Each structure stands twice: as structure tokens, then as C-alpha cells.
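Enquirer: Build me a model:
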Amino acid sequence: MLLTRRTLLTSAAAAVPVAALPSLPASATREPAPIGRLADKIEAGMAKYAIPGVGLGLWYRGREYVRGFGVTNVDQPSDVTADTVFRIGSTTKTFTGTLIMRLVERGRISLDRPVRAYLPDFRTSDPSVARRITVRQLLNHSAGWQGDYFLDTGDGEDALTRYVAGMTEVPQLTPLGKVFSYNNAAIGVAGRIIEVVTGKPYEVAARELLIDPLGLEHSRYFRSELDGFSVAASHNIVDGKPVVEPSFDRIPRSLAAIGGLISSARDQLRYARYHLGHPGFPHLLSDRARLAMRSHPGPGGTLFVELNGVGVTWMLRPTAEGPTVVQHGGDWSGQHSGFLMVPQRDFAITLLTNSESGPALVAELFADDWALREFAGVSNLPAVPRQLPPQKLAAYEGTYVSQQIGFDGKPEELGLELAANDGELVASIGGQVALRLPFYRQDYVLALEPDGQPTHVRANFVRGSNGSVDWLRYGGRLFRHQPTTATPKALKAPHLKHPRLL
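Expert: So this is what the prediction gives:
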């Protein structure tokens, strides 16, 4: 997703009618208490943040809970159901990773072979990177080039071909394989490898190799395939109220492997249960391959939460209690979702929303400890803010600049200023304080609202080979440190409160 600034509703003034829960079976009185608390929290969040509709999928204590809340469209309201489809955004990346692993098991791809073994003409701005990068490095977000590359190359079957050909315009930021930086572009290259190896367009290969065999009956890549489906409309927030915004619906075909899948809560939970290794599913991957997807992570860092790194497209998140959280999530304009599993607890949850304010609810449930504590008995690594003396904060002060390449292929710079204040850093945009950034351990900060309220986001600074603070990693993106108080011209504000995954 483009890193644009968005104002989130923070009051309950624009409450949206919420549909009642479906009737529960006779055994409902014996349902675990956390199920009711989760429903209450979702309903409260929908009212607070003006979210018209939510799809929920939950696997807990050996049972499946799949429900819809609210309405698909405020103009033509119909109830959200378990089969209502939403755009899942970057959770699509894990489908791309699963497709790669299917081809690995067939002997068609090796994770540790160079990309050029499959794309001989592959080029990047740094020729040495193009020669050396492996498939695994694409999938664990350690390619090192700028990740936010969103070039729209049209609706033809050559969309990915043309997208990858444009990679020569994408700057290399860090050495190959050394630094985690969330990388949409790298997953686009992986999608092109799937096309070349299978001889089919990415979307066709995904249907044939994964979506149809798994029985994901409400998962599609093209809106033209949604006839007869219950479809969640995308909503913007205007004057505190949700408004249908049809312009949000389109996503360039070049981004299909990166974030183009449209799916339902029921299908997403079925997909989660497959990855948890539950019986009764087609044998698409061996247990060894499925487990390998969430093993051997690349470089770690932060993306909303702390990460040990990324395996084969799965983000691997540590917990205070030990079990690893396997997660992703995704965003497109008006469609925001979360997805996580705790395999050691046999737990999974997915949440789909149809409003620009959806990230606020997703953050409450997924980046905060709430769902993990309630259902899996695990929590984030501790983070207790502490004050630092001015001389230590001085090394972090300055301008931080990131870049993205938009649909039109033109680069756009995003920036913010960091300055020391009362033992912590403050992030300002255009002279106005946007966030407080107190440290909780060396180089790691919490993001707080100016009034001290949590945003449920963690970030960290990345040092160079000489020990200097070279980057701020925020929302998984790298912002280059410029130790100066002079803000470059034409900088736009990054989206700080709930940075997006696609």
C-alpha cells in the first residue's frame, strides 16, 4: 500500500449499526468466555472507529468460529456473513510463498538458487545484487532494495513481466541479505518466477495449485469473478462517517502476487487450519515443507511488533512465553485485515474489515496483546518506556526520509523530523508533533500518540557498519537518517499511526 497519511476516527460519535451475531447452537452456554469478549470488543471497535462490516474467523480449543458483523455497504446494506469477501491485501504474499513451496517440492524451484536461474534477464539497479539474490531472499524481505514499488503496468497477462522489467529503477538501500525491510517488490519478482516456471499467469497458477485444491470457494483475484458473492464495499471516512468509495476497488494487476487476493473469513480460516497441519486437507505440501515456511528466518527487526525475521513469507514474532506467533496481515484502501496463528497453541484468528479506519481495530486485536493473551496465553515481549539523557538522544535526532514509487512510476519522498524532548524522541511533520517515541531498549522505541496513548506500534533504528544510526525502521520500511534539522523540500508525510503492509 502507498504510505499516505490518513486520519482515523477516534470517537464513537459516528457509530454504525452492527448486525446481531448468528444464532448459536444449543451448546452455546458452554462456549468459552473469550468468544463473547471477542465479539463485544469487535462490536465496540466497529462503533468507535466507524467500521461498517467485519468478517471473523477463529480456531480455538479445537472448534471453528466464523461470523460476520455489521453490513457490507452503508448505501445498500446487507449483513456480512462468513462468506462475505474482502480484499485481504498482503496476506496474499503467504499464498505466493505457499505456491513457491509447492514448486520447490516438485523440484521446479530451489529456494537457495539465484533468481536468474529462473529469470535469466533479471536486472536491478545494482548489477551485483541481480546476479546474487536467491529466491529465499526475495521471500524473507532481505533483498535490500526499496520495497514500495507500485508501478501499474496494465491489465494484460504481461503485467508482471513489465513490472519486473522496471526493477532497474528501484534503488538499492542496504546490502543483500543483511537487513530486514518490508519488500513488496521482491514478492512481485517471486510471482513472476511462478509464471515462468508454470508457464501460466500468476492468478491461474494460484487457482490451480492452491486455491481450488484447498476448497477456497470464495477466494478470487479478479472482481469480475465475484458475481453472486457477498462483497464488502470499501469505505472511506468523511466527517467521521463511513462513505462508500468505489475508486478504492481497483488494484493494478502487477500487484496480484503482492496483495491482490479477495477472500472470506471462512476461506481464510480454512487456509490457516491447513497451515496448522490439521487433518482432512489435501496433501499439497509435506509437513516438512509447511514447517520450513515458518522456520529459518532472515534478518529481524520490527513491523508493528518485534520480529525474529521472516521465513518463507510468514512473519515470525517472538513472545514473552516462548511460542512463536506466525502472522501476516494486509491493507488496501478501504480494506484492512489481520491474520495470525500460534501453532504451539493450535490457535488461529483472522479479521477482515471494510473501512479506512479498520487498522485501528486490527491493531487493538493483533499488534496489542489482547487476542494472544485471551486465546493463546502468550504476549508481546515486554516494553517498558524509559527516559534517556540528551547526550544519548542526540545520535538519533535529524530528518528521516523514505521513498516509494507510485502507480505512474514516479518516485515520491516521505519524511519526518525527530528531536529530543524530555527524555524521549518526538516525531514531527510540518512542525506539528505526530508521535512520541520513548525507548524501551537500545535502538527500539514505542510509538505513542502526542497525549501518550498507545498506537500499538513498535519501531527501531538500524545502525551502519561504523555504528552510526543510519535508518529508522517504521512500519517495516527504512527511513534514511539525515542528521540535520533542515527538512528537504517536497517531502510528504508518511502514514505513522497505522502504517500499511501493502
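
Enquirer: and the closest residue to Val179 other than its chain neighbours, how many neighbours?
Expert: What sits nearest to Val179 in space, not counting adjacent residues and going by CB to CB, 6 or more residues apart in numbering, is Pro299, at 5.6 Å. Using the backbone N, CA and C atoms, a C-beta is placed for each residue, glycine as well. The burial metric for Pro299, expressed as a neighbour count using other CB atoms under 10 Å, is 19.

Enquirer: Repeat that for Gln442.
Expert: 10.

Enquirer: need the contact list for it.
Expert: Residues touching Gln442, when contacts are defined by CB atoms under 8 Å, 6 or more residues apart in numbering, are absent altogether.

Enquirer: gap between it and Val384?
Expert: Taking CB to CB, to the nearest Å as the measure, Gln442 falls 14 Å from Val384.

Enquirer: before we move on, back to that, so the residue nearest to Val179 is in contact with Ala143, correct?
Expert: No - with contact defined as CB atoms under 8 Å, Pro299 and Ala143 do not form a contacting pair (11.1 Å).

Enquirer: if we can go back for a sec, mind checking how far the residue nearest to Val179 is from Val129?
Expert: As for Pro299, its distance to Val129 is 15 Å (criterion: CB to CB).

Enquirer: quick one, longest helix in the chain?
Expert: Longest helix in the chain by number of residues (criterion: DSSP state H): helix 33-49.

Enquirer: and the spatially closest residue to Thr153 that is not a sequence neighbour, helix, strand or coil?
Expert: Distances taken as CB to CB, 6+ apart put Arg162 closest to Thr153, at 3.8 Å, once the chain neighbours are dropped. Following DSSP: H, G, I helix; E, B strand; the rest coil, the label given to Arg162 is helix.

Enquirer: And for Arg162, the neighbour number?
Expert: Taking other CB under 10 Å as the neighbour definition, Arg162 ends up with a count of 16.

Enquirer: list the contacts for it?
Expert: Contact analysis of Arg162 by CB under 8 Å, 6+ apart lists Leu151, Thr153, Gly154, Ser254.

Enquirer: list the buried ones in stretch 64-72?
Expert: Tyr65, Val66, Arg67, Gly68, Phe69, Gly70, Val71, Thr72 (16 or more other CB atoms under 10 Å).

Enquirer: Give me the contacts around that stretch.
Expert: Counting by CB under 8 Å, 6+ apart, the neighbours of stretch 64-72 from elsewhere in the structure are 16-19, 21-22, 35, 39, 42-43, 46, 51-59, 77-82, 84, 230-233, 265-266, 269, 273, 354.

Enquirer: Name only those of these that count as buried.
Expert: Those of the contacts of stretch 64-72 that meet the buried threshold are 16, 18-19, 21, 35, 39, 42-43, 46, 51-59, 77, 80-82, 84, 230-233, 265-266, 269, 273, 354, by 16+ other CB under 10 Å.

Enquirer: So which of the residues you listed belong to helices?
Expert: Counting by DSSP H, the part of the buried ones among the contacts of stretch 64-72 found in helices is Ile35, Ala39, Ile42, Glu43, Met46, Ala265, Arg266, Leu269, Arg273.

Enquirer: which among those gets closest to Gly409?
Expert: Sorting these by how near they are to Gly409, with CB to CB, puts Ala265 at the top with 35.5 Å.

Enquirer: residues in contact with the closest residue to that closest one other than its chain neighbours?
Expert: By the measure of CB to CB, 6+ apart, the closest residue to Ala265 outside its immediate chain neighbours is Gly55, 3.5 Å from it. The neighbourhood of Gly55, defined by CB under 8 Å, 6+ apart, consists of 67-69, 80-82, 84, 86, 232, 264-265, 350-352.

Enquirer: how about 7 Å then?
Expert: With CB atoms under 7 Å, 6 or more residues apart in numbering as the criterion, the residues that contact Gly55 are Gly68, Val80, Ala82, Thr84, Phe86, Ser264, Ala265, Leu352.

Enquirer: repeat for Glu157
Expert: For Glu157, the contacting residues are Pro201, taking CB under 7 Å, 6+ apart as the criterion.
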